[in-house]
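Engineer: Just need the structure, nothing else, for what follows:
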Amino acid sequence: MKKIITLVAGFALLFTLVGCIQSKEVEITDREGNIVTIPTSIERIVSTAPSNTEILVGLGLADKIIAVDNYSPTEGLNDSVEIINFREPDVELLISLLPDVIIASGHNLVGDEDPFFQLKEAGIAVVYIPSAISIDGVYEDINFIGKTVNKVKEAEEMIRILRDEVEAIKETSKLITNRKDVYFEIGDYSGVLYTFGNNTFLDEIITLVGANNIYNDKESWISVSAEDIVNINPDVIVTNQNYVEGIIETIKSRIGFDTTNAVINDLVFVVDGNYTSRGSQKIIEGIKQIAEAIYPDVYDFE
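Structural biologist: Purely as a prediction, here's the structure:
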């Protein structure tokens, strides 16, 4: 710890001197409401969440990303990009990289502990983006990142394209008169099943494509029992556990699930976990997969 504190103090002086010579600064308010001073010229970026990385790459900044978390996609990034721990970032490494800004996520916080506190003390700009709970929140995240990294026009165009596609799906959903009841599973941990209620963008997506989330009366991320799902009897079951081999057969074989409309009619589907869990512009691909799974006779995006 003493070594880190000494290193932080040394780099804090270095950043002060270099900052005075090379760069002007401006104050911004991040998505968590923190006032942060950042350089007006952003050349070296650290991203600590996959959604933020996808947005940055989409804005044409792949060449300026010097480090990403261990869950972020690295396709298109420089071979020299550093990979950092999602929860426990290497403070010494990050300070040595001399980033202009670290774009962090609410996922990085461990309780009340801020893993980037020492970096802030070293004079490094750290901005936080909480996990988006709505599609509008995704638009706002893209807008904020665009402003932070001087890609305002590119961000506006990204939002326009995404918004247009979402609105087109919304218009199509108005043609649906027989709304299906959907159970969407995001996790199965030793028989404890996880899904979501309202106040999540996945719940909003199910409504957007013209269906009903069977747990819409609950809030946020929840655990449920197999027995309860069977009693509600969903018309369709969707899961984004595409990383689990044989997940569809596993779901179908659960006790009692063979009596649900979803299994009887063979309407159990798997969609991409990344596209449906990350609040970036790529969420549109997740929306399309969900739409086609629930209403293949209504939606066809090919």
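Engineer: any idea how far the closest residue to residue 94 other than its chain neighbours lies from residue 259?
Structural biologist: Nearest in space to residue 94, with sequence neighbours left out and distances taken as Cβ to Cβ, 6 or more residues apart in numbering, is residue 119 at 5.9 Å. C-betas here are computed from N, CA, C, even on glycine. Distance, residue 119 to residue 259, by Cβ to Cβ, to the nearest Å: 54 Å.
Engineer: Residue 154 now?
Structural biologist: 51 Å.
Engineer: returning to what we had before: pick out whichever of residue 119 and residue 259 has more residues nearby.
Structural biologist: residue 119 (22 against 11; other Cβ atoms under 10 Å).
Engineer: OK, contacts around the more buried one?
Structural biologist: When the contact criterion is Cβ atoms under 8 Å, 6 or more residues apart in numbering, the partners of residue 119 are 8, 91, 94, 95, 102, 126.
Engineer: Would you tell me which one of those residues comes nearest to residue 295?
Structural biologist: The closest of the contacts of residue 119 to residue 295 turns out to be residue 102 (Cβ to Cβ; 41.4 Å).
Engineer: My guess is residue 261 contacts residue 233. True?
Structural biologist: Yes - between residue 261 and residue 233 there is a contact at 5.8 Å, judged by Cβ atoms under 8 Å.
Engineer: now the helices for the stretch 101-250 of the chain?
Structural biologist: 117-121, 135-148, 152-173, 201-208, 226-232, 247-252 (DSSP state H, counting those that start in this stretch).
Engineer: just checking, next helix/strand downstream of the lowest-mean-pLDDT helix or strand in the chain?
Structural biologist: Counting by mean pLDDT, DSSP states H and E, the weakest-scoring helix or strand in the chain turns out to be helix 2-22, with a mean of 48. Remark: after helix 2-22, the chain's next helix or strand is strand 25-29, criterion DSSP states H and E.
Engineer: Would you mark the buried spots in the next helix or strand after that following strand?
Structural biologist: Counting by DSSP H and E, the next helix or strand C-terminal to strand 25-29 is strand 35-39. For strand 35-39, a neighbour-count test (16 or more other Cβ atoms under 10 Å) marks 36, 38, 39 as buried.
Engineer: neighbouring contacts of strand 35-39?
Structural biologist: Counting by Cβ under 8 Å, 6+ apart, 19, 23-30, 100-101, 125-127, 148 sit against strand 35-39.
Engineer: mind running it again at 7 Å?
Structural biologist: By Cβ atoms under 7 Å, 6 or more residues apart in numbering, the surrounding residues in contact with strand 35-39 are 23, 25-30, 100-101, 125-127, 148.
Engineer: Turn those into a markdown table, columns for neighbour count and pLDDT.
Structural biologist: Output for these, formatted as a markdown table (neighbours: other Cβ atoms under 10 Å; pLDDT from 0 to 100):
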| residue | neighbour count | pLDDT |
| --- | --- | --- |
| 23 | 14 | 57 |
| 25 | 14 | 88 |
| 26 | 9 | 89 |
| 27 | 8 | 89 |
| 28 | 16 | 89 |
| 29 | 11 | 87 |
| 30 | 19 | 85 |
| 100 | 21 | 95 |
| 101 | 22 | 95 |
| 125 | 21 | 93 |
| 126 | 23 | 92 |
| 127 | 21 | 93 |
| 148 | 24 | 95 |
